[in-house]
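In: My questions concern the predicted model and sequence given below.
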Amino acid sequence: MQSVNLLNQRWFNMVLFSSVIIVAVGVAIVATINLYPTVTIHHVSVQVTNTDWYNSGTFSAQRGDWFSINVQVSGGSGKLVVRRTDGSDIFGEIQSSSLVYDVNVNDADTYFVQIWTRSWPFPSDCIDLSGTIDLNRVVFSPFGYLAIGLIAMGSAGIVGSILLRRHQTIQARKLELEFRDCPSCGKRVNITERICPYCGHNILAYTKCRNCGNMYDRAKTKCPNCGAPNR
């Protein structure tokens, strides 16, 4: 019984320690890694010469995305417009030779970017455009899922090992109430047994002195051999 309890205690300590380490690793990931990185989900390189207008093509965007526009106009100026495919504008800017803007997307929809050029007194088709148009999005990092999984698994291990240990303690206390040690041979005997099935000792009639080990009548208040009180 003692070896079993020792094995259970070692198992409990091992599981609890491992679970704490797992939770600590998950917390360390949360503390040290950017869980919400910005990623570019659509990139367009703008390299157009001798043009009077430019169309980026469509972008499928979600609410919370944003356009990062950085287009330089050489030989004149350009007017930038960001539109939905239904024709409604979400952003429009006056003529400028440097079109550098961040445009937020408030609704999930399909969008495109247009640039009209102007060069006075020269024709607009003498203008060149160069730069980039990016659609950006904040995403939840895969490391975030790993961290959540580690913290959840470690926490479950901690709670589970504590509950199991508590269950084992309750069961051990029940066994203590249901069994007792035979004062003669020391074997565990059911509380209902009067005669020890291992050595034949009358458990109710005799007791063993805890001081000298002498067996004597339980009714006596002291051990007749050494005088130790019957406790």
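Out: Cool, the structure landed. Residues are numbered from 1 along each chain as shown.
In: CA only for contacts and neighbour counts going forward, please
Out: OK.
In: Show me where this structure has its strands.
Out: Secondary structure of the chain (DSSP state E): strands at 38-51, 53-61, 66-74, 77-84, 89-92, 98-104, 109-118, 127-138, 179-181, 188-190, 206-208, 215-217.
In: wait, doesn't S77 sit right on S97?
Out: Yes - between S77 and S97 there is a contact at 4.3 Å, judged by C-alpha atoms under 8 Å.
In: Please say which of the two ends up with more neighbours.
Out: Using other C-alpha atoms under 10 Å as the criterion, S77 and S97 rank with S77 on top: 24 against 17.
In: Please parse this structure into its domains.
Out: 2-34+142-177, 38-138, 187-231 (automatic domain parsing).
In: any idea which of the ones you listed is most buried?
Out: Of all the domains of the chain, domain 38-138 has the most neighbours on average by mean count of other C-alpha atoms under 10 Å, namely a mean of 17.
In: Now do it: distance to the chain's middle.
Out: Remark: domain 38-138 is offset 40 Å from the chain centroid, using C-alpha atoms, centre = their mean, to the nearest Å.
In: Can you list the low-confidence ranges for this protein?
Out: When residues are selected by pLDDT under 70, those of the chain lie in 1-8, 119-125, 175-177, 231.
In: which one's the longest helix in it?
Out: helix 142-178 (DSSP state H).
In: Output the contacting helices and strands for it.
Out: Counting by 3 or more C-alpha pairs under 8 Å, 6 or more residues apart in numbering; DSSP states H and E, the packing neighbours recorded for helix 142-178 are helix 2-32.
In: quick one, the helix it packs on and helix 142-178 angle?
Out: Following axes from the mean of the first three to the mean of the last three C-alpha atoms, to 10 degrees, one obtains 160 degrees for the angle between helix 2-32 and helix 142-178.
In: Quick one: distance of helix 2-32 to the chain centre.
Out: Centroid separation for helix 2-32 versus its chain: 16 Å, with C-alpha atoms, centre = their mean.
In: just checking, what packs against that helix?
Out: Helix 2-32 sits against helix 142-178, with contacts defined as 3+ C-alpha pairs under 8 Å, 6+ apart.
In: residues touching the residue nearest the centre of the chain, list them.
Out: In the chain, the centroid-proximal residue (C-alpha atoms, centre = their mean) is I148; its distance is 1.4 Å. When contacts are counted by C-alpha atoms under 8 Å, 6 or more residues apart in numbering, I148 touches G26.
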